[in-house]
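Chemist: 3D model of this:
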Amino acid sequence: MKKKKDEKMEEKEIEIKEESQEEKNEGNDNQEEVKEEPNFNELEDKIKSLEDTLLRKVAEFENYKRRTENDQLNLLKYSAESFILKILPVFDDLGRSVDHLEESSTDSLIEGLKLVYDKFTKILDDQGVKRLEVKGKEFDVEFHEALMQQPSNEVPANTVLSEVEPGYIYKDKVIKHAKVIVSQEFEEPKEKANDSKNENEE
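Modeler: Next up is the predicted model:
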């Protein structure tokens, strides 16, 4: 009987120990769960920091965009600056020639104007601007603008006889068509044509 009682007592003690161990484990689990709960204050601080960073990046991008737009506008606005700086010396030379018109002889004036013209031509040529050579060429709407037609028996029809205003090409683009007079087929007067027919019949 005593043995049975002792065995029962031991079983109860074991059960009590197991229950106490389980309670301890549950307590540890609860502590771990408490530790894993997020800290809302830290999360709010992180969110605010990210919002501030985002706002700064947006502001920086807007400033960059505004600067880029201003640079592009200025580039377009002052795009001819380099070309103007190149032609100003020619303009100054022409001004000096005008200032000395009364003092200059005809020969020196002509020579000075030729020098200015040559200087200006070289600047245009360096920039890729060339004058169209049109006289004697076949009429082409890509390069020429016909102001009138003139009968001619010296050249084929639709040939440029003379240039009224020069045309210019910039690199590979026509920026000003040459205004020209174009030949048309020469027609003999009717009386002369009849006379020639009669002579042939005789």
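
Chemist: helices or strands next to the longest helix belonging to the chain in the packing?
Modeler: Longest helix in the chain, counting residues (DSSP state H): helix 40-77. Applying 3 or more CB pairs under 8 Å, 6 or more residues apart in numbering; DSSP states H and E, one finds that helix 40-77 contacts no other helix or strand. Every residue, glycine included, has its C-beta placed from N, CA and C.

Chemist: tell me which residues in the next helix or strand after that helix are buried?
Modeler: Moving toward the C-terminus from helix 40-77, the next helix or strand (DSSP states H and E) is helix 81-99. For helix 81-99, the neighbour count (16 or more other CB atoms under 10 Å) marks 90, 93, 94, 97 as buried.

Chemist: what residues are up against the third one?
Modeler: In this structure, residue 94 makes contact with residue 116, judged by CB atoms under 8 Å, 6 or more residues apart in numbering.

Chemist: Run through the chain and note the low-pLDDT ranges.
Modeler: 1-38, 188-202 (pLDDT under 70).

Chemist: May I have the phi/psi pair for residue 150?
Modeler: phi -140, psi 130 (degrees, to the nearest 10).

Chemist: same thing with the one 10 residues further on?
Modeler: Backbone dihedrals for residue 160, given as degrees, to the nearest 10, come out at phi -70, psi 120.

Chemist: Spit out the contact partners of it.
Modeler: 134, 135, 136, 137, 138, 139, 144, 178, 180, 181, 182, 183.

Chemist: Recalculate using a threshold of 6 Å.
Modeler: By CB atoms under 6 Å, 6 or more residues apart in numbering, residue 160 lies in contact with 134, 135, 137, 139, 180.

Chemist: In stretch 101-115, which residues are buried?
Modeler: residue 112.

Chemist: Distance from that stretch to the middle of the chain?
Modeler: A distance of 44 Å separates the centroid of the chain from that of stretch 101-115, by CA atoms, centre = their mean, to the nearest Å.

Chemist: quick thing: my sequence starts at 537, can you match it?
Modeler: Understood, numbering begins at 537; the last thing we discussed is stretch 637-651.

Chemist: Can you tell me the SS state at residue 693?
Modeler: What DSSP: H, G, I helix; E, B strand; the rest coil gives for residue 693 is coil.

Chemist: From residue 642, how far off is residue 650?
Modeler: To residue 642, residue 650 is 13 Å away according to CB to CB, to the nearest Å.

Chemist: picking up where we left off before, what about the contacts of residue 696, which are in strands?
Modeler: residue 716 (DSSP state E).

Chemist: Most neighbours among the contacts of residue 696, which one?
Modeler: Neighbour counts for the contacts of residue 696 peak at residue 716, which has 25 neighbours (criterion: other CB atoms under 10 Å).

Chemist: which ones are touching that residue?
Modeler: 670, 680, 696, 699.
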